[in-house]
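A.B. asks: Return atomic coordinates for the entry below.
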Amino acid sequence: MFRVVAAGVALTYMTGTLFRIGHLLAAALLGGPRWAWIPNFLLWSAMVIGAAVGTSAYMHFNLTTVWPGAGVALLVGTVVALSAWREPVHRR
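C.D. replies: A predicted model of the protein is given here:
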C-alpha cells in the first residue's frame, strides 16, 4: 500500500499548491494515485490564466476592467449575506 506523507513546511497558498503538484506527481511516479495531482494543477493553472487575462484586459481597457469584477463580487456578497440573514445559524 502506498502512503503519502504531507510535508510540515509552512507555505503560502499558491506556492503550497505548486508544492503539492510536485509532491503528488512524485507519488504518482512511485506507484501512488495516478491522477491525484490534476485538481491542484487546475487550481494553479486557473490562477496563472486569470493573471494573464487580467493583465491583458488592463492593458487594453485600463481601470475600466475593474468594474465588472467589482460588480460580480458585490452581487455574490449580497446573495451570501441575504441567504445568511434568511437562515439563522443553529448553535450547539
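A.B. asks: Mind jotting down where the helices sit in the chain?
C.D. replies: Applying DSSP state H to the chain gives helices spanning 13-29, 38-61, 66-86.
A.B. asks: so how far is the last one from its chain's centroid?
C.D. replies: Helix 66-86 sits 19 Å away from the centroid of its parent chain (C-alpha atoms, centre = their mean, to the nearest Å).
A.B. asks: That helix - what's its average pLDDT?
C.D. replies: For helix 66-86, mean pLDDT is 90.
A.B. asks: okay, the angle between that helix and helix 38-61?
C.D. replies: 130 degrees (axes from the mean of the first three to the mean of the last three C-alpha atoms, to 10 degrees).
A.B. asks: CA atoms of helix 66-86 as CSV?
C.D. replies: The C-alpha trace of helix 66-86 is given here as CSV (Å, rounded to 0.1, in the frame of the first residue of the first chain):
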residue,chain,number,x,y,z
VAL,A,66,-12.1,46.5,-12.6
TRP,A,67,-15.8,47.3,-12.6
PRO,A,68,-17.2,44.0,-13.9
GLY,A,69,-15.2,42.1,-11.3
ALA,A,70,-16.3,44.5,-8.6
GLY,A,71,-19.9,44.2,-9.7
VAL,A,72,-19.7,40.4,-9.6
ALA,A,73,-18.1,40.5,-6.1
LEU,A,74,-20.9,42.8,-4.9
LEU,A,75,-23.6,40.6,-6.3
VAL,A,76,-22.1,37.4,-4.8
GLY,A,77,-21.6,39.2,-1.5
THR,A,78,-25.2,40.4,-1.5
VAL,A,79,-26.5,36.9,-2.3
VAL,A,80,-24.4,35.3,0.5
ALA,A,81,-25.4,38.0,3.0
LEU,A,82,-29.1,37.6,2.2
SER,A,83,-29.0,33.8,2.4
ALA,A,84,-27.2,34.0,5.7
TRP,A,85,-29.8,36.5,7.0
ARG,A,86,-32.7,34.4,6.0
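A.B. asks: Number of residues surrounding Arg20?
C.D. replies: Arg20 sits with 21 neighbouring residues when counted by other C-beta atoms under 10 Å. Any C-beta I mention is one placed from the backbone N, CA and C, and that applies to glycine too.
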